[in-house]
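Participant: Below: sequence and its predicted model.
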Amino acid sequence: MSLFPATIETLAEEVIRLYAARGWQVATAESCTGGLIAGALTGVSGSSAVVDRGFVTYSNAAKQELIGVDTATLATYGAVSRETALQMVRGALWRSRATAAVAVTGIAGPGGGSAEKPVGLVHIAAMTKSGALLHREMRYGDLGRNAVRLATVETALSLLVSLAQA
């Protein structure tokens, strides 16, 4: 029995299957999901051949220290931004042995949102070491904290599938 909904479980299995077939490894850099993407992936049998590592970078300090997000980026654009997500994914790639990485940063709620950055706003970036890059700005809405986090995991896994199929 999985800890995750069937859609996430199926996507995680697809990532493991595709990446194992290509001989790829994956790393995650997670803020609002707190390790759930890595958790979904490692719930799949055979994931040890694919999952290199996960960075849970919930605080700005962790984003800076663990994966090299620039202080100026955080000051200028904020933790929840396209620019931060892109630096997170690049940092996860270069501070791991992975072939591909995914990074997420967002506002799961119920608080913390603003008119400019509402609850449910999440930036997701996925990238390969060869330079293929995908970014999604998701506005899930104020669905509740768990629903936003699970929707983010689902989108992140979908981006990893897309990278492997490109």
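Facilitator: Alright, I've got the coordinates. Numbers count the residues shown, from 1 in each chain.

Participant: ranges for the strands of the protein?
Facilitator: Here the chain has its strands, by DSSP state E, at 26-30, 51-56, 100-106, 121-128, 133-139.

Participant: Just the CA trace of the third one, in CSV.
Facilitator: What follows is strand 100-106, C-alpha atoms only, in CSV (Å, rounded to 0.1, in the frame of the first residue of the first chain):
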residue,chain,number,x,y,z
ALA,A,100,18.5,15.1,-14.0
ALA,A,101,17.0,17.1,-11.1
VAL,A,102,13.7,18.7,-10.1
ALA,A,103,13.2,21.6,-7.8
VAL,A,104,10.1,23.1,-6.2
THR,A,105,9.4,26.2,-4.2
GLY,A,106,6.0,27.5,-3.3
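
Participant: So what are the sheet partners of that strand and their directions?
Facilitator: Strand 100-106 has its sheet partners listed here by DSSP bridges as strand 26-30 (parallel), strand 121-128 (antiparallel).

Participant: Mind putting the ones you listed into JSON lines with mean neighbour count?
Facilitator: Just so you know, the C-beta spots here come from the backbone N, C-alpha and C atoms, and that holds for glycine as well. Below are the strands paired with strand 100-106 laid out as JSON lines (neighbours: other Cβ atoms under 10 Å):
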{"stretch": "strand 26-30", "mean neighbour count": "29"}
{"stretch": "strand 121-128", "mean neighbour count": "25"}
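
Participant: How much space separates residue 45 from residue 2?
Facilitator: 12 Å (Cβ to Cβ, to the nearest Å).

Participant: When the two are compared, which one has more neighbours?
Facilitator: Neighbour count, other Cβ atoms under 10 Å: between residue 45 and residue 2, residue 2 has more, with 13 against 8.

Participant: pretty sure that one contacts residue 43?
Facilitator: Yes - at 6.0 Å, residue 2 counts as touching residue 43 under the criterion of Cβ atoms under 8 Å.
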